[in-house]
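*Asks:* sequence isn't available, so here's the structure alone:
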């Protein structure tokens, strides 16, 4: 059964950046794009590297290991070498708190 889990306050994830969170044993990367937050699996589907450590350009994160690129809104692959999308997670902001559903 999925549940909502508070992971951070909104000021902990600066605009244009991502941050890693372990949510009940699930590695999740949260990205702050413009006025919105998005949660995806922190694990690159190509070589299992951390996506939170990658560079964010708009709504596209580039894996620091081999350059695979993913849309943080949808999880879709935007550039090789990855071919499998990353999982996305429902996210909501309640007041100034970020919650994800896991």
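*Replies:* Received the coordinates, thanks. Remember, predicted model here, so these are calculated numbers, not experimental data.

*Asks:* please make it C-alpha for all contacts and neighbour counts, starting now.
*Replies:* Noted.

*Asks:* pLDDT of the top strand by length along the chain, averaged?
*Replies:* Selection of the longest strand in the chain by residue count, based on DSSP state E, yields strand 26-33. For strand 26-33, mean pLDDT is 98.

*Asks:* what helices or strands is it leaning on?
*Replies:* If you count contacts as 3 or more C-alpha pairs under 8 Å, 6 or more residues apart in numbering; DSSP states H and E, strand 26-33 packs onto strand 18-23, strand 36-41.

*Asks:* with mean pLDDT, distance to residue 81 and mean neighbour count as extra columns, can I get those strands in TSV?
*Replies:* Shown next, in TSV, are the helices and strands packed on strand 26-33 (pLDDT from 0 to 100; distance: least, C-alpha to C-alpha, whole Å; neighbours: other C-alpha atoms under 10 Å):
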stretch	mean pLDDT	distance to residue 81	mean neighbour count
strand 18-23	97	21	18
strand 36-41	98	17	22
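
*Asks:* quick revisit: now the longest strand of the chain against strand 18-23, angle please.
*Replies:* Here the directions of strand 26-33 and strand 18-23 differ by 150 degrees (axes from the mean of the first three to the mean of the last three C-alpha atoms, to 10 degrees).

*Asks:* quickly run through the sheet partners of strand 26-33, with directions.
*Replies:* Take DSSP bridges as the rule and strand 26-33 pairs in its sheet with strand 18-23 (antiparallel), strand 36-41 (antiparallel).
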